[in-house]
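Q: my questions are about this predicted structure, shown below with the sequence.
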Amino acid sequence: MTAAHACDVLVVGAGPAGIAAATNAAESGARVVIVDEAAAPGGQIWRSSSHTHPPRAARHWLRRLRDSGAAVESRAGVVDVERRDDGLHVLIEREHERLLIDARAIVLATGARERFLPFPGWTLPNVFGVGGAQALLKSGMNVRGKRIVIAGSGPLLLPVAASLSHAGARVVLVAEQAPAGRVMRFAAALWRRPSTALQAARLRAAFVRAPYAFGTWIAAAHGDERVTSVEVIDADGRCRDLQCDVLCAAFGLVPNVEVARLLGCELLEGFVRVDERQATSRARVYCAGEPTGIGGVDLALAEGSIAGRTAAGLSPAAADVRRRNRLRRAARELDAAFALRPELRSLADDSTIVCRCEDVRLGQLDSSWTTRQAKLYTRAGMGACQGRICGAALECVRSWPPDTVRPPLRPARVATLLPE
Ligand SMILES: Cc1cc2nc3c(=O)[nH]c(=O)nc-3n(C[C@H](O)[C@H](O)[C@H](O)COP(=O)(O)OP(=O)(O)OC[C@H]3O[C@@H](n4cnc5c(N)ncnc54)[C@H](O)[C@@H]3O)c2cc1C
């Protein structure tokens, strides 16, 4: 059976950006629906958990969302979306049900995912993403006494190392690929944002006994049934072997821009291009949070607040605009500080699996091909994740631009795709 809704503003994604957008739009009197694939609103950072107490900001925004009157649809993933003259028509799979939503305007707040770069051994059991390990921890994973190596890039390494340490893990090493000089220059500029500097210092203090090595990255993971050791290398070519039970590895975040691309929104350097009001190049389509640029929770909230108000036909609040502009400048500095080094493009050898869903190895992919050819000849990118992991990796390793986006945007039941 098909359920149907009509609303003024549909918000896709119930992370901080989507929550702020839905709340602001609904508080202005618009009829709002917010949908998310996850079991509850919160997104990556405020993912609900019976093991942790949500932070004050999460409690504040979740209460405001509930009181705003916006309708929340959880476990509801967007499968297809179409723009017509009278608005947007969105096909959603909610649990196992087909749901159609007609909206006058849409706010895309689809967040980001981790960037995984393939290296020998990255598919071994007990090798997780950095944020993935955080998510598992929030769902109750027991890491007490486990030796953990964290390798990758960006500020997410800090809270994850702190949480793992707090949960009783022994953090053996945090390996940041960015060179110390670049990160230190960035850190020195944090005097302009003392609360960020203080938060970073607090997080570092939580795993103070673990070494934090800059200019160091993962070369390979070893083990038979699961990872038992990792090899890290530094800019001077020095290699080290470290015994461990768990490896967390990821190299920053990749924006989720598939829904925006399906709607034909213009991208700029891989991010959705938006104007001052968070409007995309497509009429009635707004975007907020990580798809417009990786910038953290406060920027996501500011952009979401602006997008929600403009999608509902109001002017954005001046304070939100000021906050967004300031935080965007900080995000650009952060991005430059943690830019990926070229050596990371050649971690995988010919025998390394690059597409985990379809078991395709790097050596099977001719470097003269395009992403489409790789799909057609080897099925790389055709599995359950629909290229979300290997697509981003091959963009880095082979410099292949992403393939076109087509519906369904996610695996869906045939009954969801067929009109009744
Ligand atoms: C795995 C991971 C873990 C992270 N952990 C932390 C952390 O511990 N601390 C920290 O400071 N920052 C963390 N971050 C960064 C944090 O997510 C951002 O700083 C910020 O909060 C992003 O907010 P957002 O609303 O833009 O996106 P998100 O919080 O990512 O929310 C986007 C939402 O959109 C939903 N969505 C996406 N596509 C669809 C679709 N097609 N249909 C329906 N729903 C959809 C997703 O399920 C998600 O809930 C993490 C990021 C990732 C990727």
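A: Structure's in. What do you need? The model shown is predicted, which means the values in this text are computed figures rather than measured ones. Numbering: from 1, shown residues only.

Q: backbone phi and psi for Gln177, please?
A: Main-chain torsions, Gln177, degrees, to the nearest 10: phi -70, psi -30.

Q: what sits against it?
A: Neighbouring residues of Gln177 by C-beta atoms under 8 Å, 6 or more residues apart in numbering: Ala151, Gly152, Ser153, Gly215, Thr216, Trp217, Phe251, Leu340, Arg341, Leu344. Every residue, glycine included, has its C-beta placed from N, CA and C.

Q: of these, which is the most crowded?
A: Highest neighbour count within those: Gly152, with 28 neighbours (other C-beta atoms under 10 Å).

Q: name the SS class of the nearest residue to Thr370 once chain neighbours are set aside, please.
A: In space, and not counting its chain neighbours, Thr370 is closest to Trp400: 6.3 Å by C-beta to C-beta, 6 or more residues apart in numbering. Per DSSP: H, G, I helix; E, B strand; the rest coil, the local secondary structure of Trp400 is coil.

Q: residues contacting Trp400?
A: Trp369, Thr370, Thr371, Ala374, Leu394.

Q: now Glu303. Nearest residue, chain neighbours left out?
A: Ala288 (3.8 Å).

Q: wait, the one you found sits on Ala300?
A: Yes. Judged on C-beta atoms under 8 Å, Ala288 makes contact with Ala300 at a distance of 6.8 Å.

Q: which residues do the two both contact?
A: Ala17, Ala20, Ala109.

Q: contact partners for the residue nearest to Cys390 when sequence neighbours are not counted?
A: For Cys390, ignoring the flanking residues on the chain, the nearest one in space by C-beta to C-beta, 6+ apart is Cys355 at 4.1 Å. Contact analysis of Cys355 by C-beta under 8 Å, 6+ apart lists Thr378, Arg379, Ala380, Gly381, Gly383, Gly387, Ile389, Cys390.

Q: again with Val12
A: Shown in contact with Val12 (C-beta under 8 Å, 6+ apart): Gly18, Val35, Asp36, Val78, Val90, Ile106, Val107, Leu108, Ala109, Thr110, Val259.

Q: quick check: phi and psi at Cys355.
A: The phi/psi pair for Cys355 (degrees, to the nearest 10) is phi -100, psi 110.

Q: partners of it in the sheet?
A: Val360 (DSSP bridges).

Q: in the chain, which spans are helices?
A: 16-27, 56-68, 130-138, 157-166, 180-188, 194-205, 258-262, 297-311, 318-337, 371-378, 390-397, 414-417 (DSSP state H).

Q: pick the most deeply packed of the ones you listed.
A: Ranked by mean neighbour count, these are led by helix 16-27 with a mean of 30 (mean count of other C-beta atoms under 10 Å).

Q: count the residues that sit near Gly29.
A: What Gly29 shows, counting by other C-beta under 10 Å, is a neighbour count of 12.

Q: oh sorry, the question was meant for Asp359
A: By other C-beta under 10 Å, the residues close to Asp359 number 14.

Q: wait, isn't it in contact with Ile353?
A: Yes. Assessed by C-beta under 8 Å, Asp359 is found in contact with Ile353 at 6.1 Å.

Q: what parts of the stretch 1-150 of the chain come near the ligand?
A: 12-18, 35-38, 43-45, 77-78, 109-114, 131-132, 134-135 (C-beta under 6 Å from any ligand atom).

Q: ugh, wrong one, I meant the stretch 251-400 of the chain
A: Leu253, Asn256, Val259, Gly289, Glu290, Gly296, Val297, Ala300.

Q: mind putting those residues into JSON lines with pLDDT?
A: Below are those laid out as JSON lines (pLDDT from 0 to 100):
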{"residue": "Leu253", "pLDDT": "96"}
{"residue": "Asn256", "pLDDT": "98"}
{"residue": "Val259", "pLDDT": "98"}
{"residue": "Gly289", "pLDDT": "98"}
{"residue": "Glu290", "pLDDT": "98"}
{"residue": "Gly296", "pLDDT": "93"}
{"residue": "Val297", "pLDDT": "95"}
{"residue": "Ala300", "pLDDT": "98"}
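
Q: how about the nearest residue to the residue in the stretch 151-300 of the chain positioned nearest to the ligand, chain neighbours excluded?
A: As assessed by C-beta to the nearest ligand atom, the ligand sits closest to Gly289 within the stretch 151-300 of the chain, at 2.3 Å. Leaving aside its chain neighbours, Gly289 sits nearest to Ala17 (2.7 Å; criterion: C-beta to C-beta, 6+ apart).

Q: Ala57 contacts Arg64, doesn't it?
A: No. Between Ala57 and Arg64 there is no contact under C-beta under 8 Å: 10.6 Å.

Q: need the nearest residue in space to Pro155, chain neighbours excluded.
A: Leu334 (6.9 Å).

Q: how about the helices of the chain, which one is nearest His222?
A: Proximity to His222 (C-beta to C-beta) singles out helix 130-138 among these, at 19.0 Å.

Q: and the closest one with helix 157-166, angle?
A: Here the directions of helix 130-138 and helix 157-166 differ by 30 degrees (axes from the mean of the first three to the mean of the last three C-alpha atoms, to 10 degrees).

Q: which strands or helices does helix 130-138 pack on?
A: Using 3 or more C-beta pairs under 8 Å, 6 or more residues apart in numbering; DSSP states H and E as the contact test, the elements touching helix 130-138 are strand 112-114, strand 147-153, helix 157-166, strand 246-251.

Q: just send these back as CSV, with mean pLDDT and distance to Ala318 too.
A: Formatted as CSV, the helices and strands packed on helix 130-138 follow (pLDDT from 0 to 100; distance: least, C-beta to C-beta, whole Å):
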stretch, mean pLDDT, distance to Ala318
strand 112-114, 97, 28
strand 147-153, 98, 35
helix 157-166, 95, 31
strand 246-251, 97, 37
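
Q: I'd like to know how far the residue nearest to Pro155 sits from Asp350.
A: Per C-beta to C-beta, to the nearest Å, Leu334 is found 35 Å from Asp350.

Q: which residues touch Val72?
A: By C-beta under 8 Å, 6+ apart, Val72 lies in contact with Ala14, Ala22, Val33, Ile34, Asp36, Pro41, Leu65.

Q: isn't Thr310 right up against Glu276?
A: No. At 9.2 Å, Thr310 does not count as touching Glu276 under the criterion of C-beta under 8 Å.

Q: mutual contacts of the two, please.
A: Pro316.

Q: low-scoring pLDDT stretches of the chain, where are they?
A: Of all residues in the chain, those with pLDDT under 70 make up the ranges 1, 48-52.
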